[in-house]
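Asks: no sequence on this one, just coordinates:
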């Protein structure tokens, strides 16, 4: 199937084609669905949404624990010319109220226990079984108070595809407006890089195993990529190491996407002996530590391909392919890859002046998929220059071969008496220290130096970290000003659904956590 990158609506990915009736489009834990059944279900939902008054351009929020229902709802909302808003079932009531208040949906599609979480709202209930889909409308209950009195937002533009919330690592998640045309324009260069320029996808592509929640942009994007190449999807809403290994064997998966946290879980699970026939892993959703990439590769013999993207720029815009991995993989382990076709990178100083190759500064990008702003009405003007360059907020450099290296977030950088400390670099060194399972670093105020780095470490075994050993390790591998002044221990790092560390919570966690023990019983 050929999709023009200028195609306005992503519903073209589900256009009828020969063999739809018998071609399985979705494998989930509960059911299998053909392309024909999926299209019928999506069109039926579109009819139901129109019948309850949803108009083109209005937002429709979707919360379902059933992945097959979620995919049908995604296309159904688009067939109704509405705007898709994924809701994570794990959101607390407070978080859910925040999301609904920001997007003000005209209707909500929900399934299972989720239908009871929206008092006073128009809910379409998903109640299909097997390959069939059924959608029943439940009118708003006038005897129950809605969780917000605000009416639906006025219609978004016809090109608005979905409202995806950012990960919320440094503050409340923001509702980003993503466009049909922008997403389509990004799918093509990613496909060209992975398949090879000028080559067509295989006639019988292997299933696309998606081990991330479909409430995340990474999960949605990989569903769309699978439909673009004509591949079925295997949905795995909750990651489990042994189930993942079983899917890899069953569906003969040779390449897959994985968040870094899932790679760590697989590396540490002694019960997973191998992941054959898996040959390539593409890291997604969060920064990948080179140390963890090396551990995974050495354990399983699988090539790890890094990438880079942000919600506001439509997703992945920089990445590796197999050819680059063979030629440069060992020498450039830690780089996030080279830009996809149609994407330009610039490294600039604080004044906005372009810096030469190899120099470190803030990353700016120009891409066809820049978002239309945020659903709450705020735009991206403060992050866009007149020529369409987008300020990412990340610090990085581009080397002589065009590979991008990310040092960290500008907002996370620790200014220790005028010297720059990037938490990711220090955490990478700590992650390789004896007895450390995971580590993160955060800046805390200091009356003399302004800020100093604190380390937050997760021991591999209880009491298995010696602060004196950690300090000596850091002094061996880091400049003195980068060495943490304190090592706090926790059972787990605070993470988002996408696996990113919640930096906004890290400082408070570090203050409350005990120091790593020392032989003499005191911290360094």
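Replies: Good, I have the coordinates. Source: prediction; values computed, not measured.

Asks: mind listing what's buried in the host helix or strand of residue 44?
Replies: Using DSSP states H and E, the element containing residue 44 is helix 35-51. Using 16 or more other Cβ atoms under 10 Å as the test for burial, helix 35-51 gives 35-46, 48-49. (Each C-beta comes from the backbone N, C-alpha and C, glycine too.)

Asks: Same question for stretch 411-431.
Replies: Buried residues in stretch 411-431, counted by 16+ other Cβ under 10 Å: 412-414, 416, 421-431.

Asks: repeat for stretch 104-122
Replies: Quick answer for stretch 104-122 (16+ other Cβ under 10 Å): 104-111, 114-115, 117-118, 121-122.

Asks: After the helix or strand harbouring residue 94, which helix or strand is next? Please name it.
Replies: Using DSSP H and E, residue 94 sits within helix 93-103. Following helix 93-103 in sequence order, the next helix or strand is strand 107-110 (DSSP H and E).

Asks: show me where the stretch 101-250 of the chain has helices.
Replies: With DSSP state H, counting those that start in this stretch as the criterion, the stretch 101-250 of the chain has helices at 180-195, 217-229, 241-250.

Asks: Which one of these has the poorest average confidence?
Replies: With a mean of 80, helix 180-195 has the lowest mean pLDDT of the helices of the stretch 101-250 of the chain.

Asks: residues of that one that come out buried?
Replies: 180-194.

Asks: domain assignment for the chain?
Replies: For the chain, automatic domain parsing gives the domain ranges 10-16+31-158, 180-409, 414-512.

Asks: Looking at those, spot the one closest to residue 173.
Replies: Nearest to residue 173, of all the domains of the chain, is domain 10-16+31-158, at 7.7 Å by Cβ to Cβ.

Asks: What mean pLDDT does the closest one get?
Replies: Domain 10-16+31-158 comes out at a mean pLDDT of 87.

Asks: Next, the distance between the ends of that domain.
Replies: Terminal residues of domain 10-16+31-158 are spaced 12 Å apart (Cα to Cα, to the nearest Å).

Asks: Give me the pLDDT value at residue 409.
Replies: With respect to pLDDT, residue 409 scores 83.

Asks: Phi first, then psi, for it.
Replies: Backbone torsions of residue 409, given as degrees, to the nearest 10, read phi -80, psi 140.

Asks: on that earlier part again, ok, which of the helices of the stretch 101-250 of the chain comes nearest residue 323?
Replies: Per Cβ to Cβ, nearest to residue 323 of the helices of the stretch 101-250 of the chain: helix 180-195, 9.3 Å.

Asks: so what secondary structure elements neighbour that closest one?
Replies: strand 160-165, helix 217-229, strand 315-319 (3 or more Cβ pairs under 8 Å, 6 or more residues apart in numbering; DSSP states H and E).

Asks: ok, how many other residues are close to the nearest residue to residue 39 once chain neighbours are set aside?
Replies: Nearest residue to residue 39 in three dimensions, chain neighbours excluded: residue 14, at 5.3 Å (Cβ to Cβ, 6 or more residues apart in numbering). Residues near residue 14, counting by other Cβ atoms under 10 Å, number 22.

Asks: again with residue 509
Replies: Residue 509: 17 neighbours (other Cβ under 10 Å).
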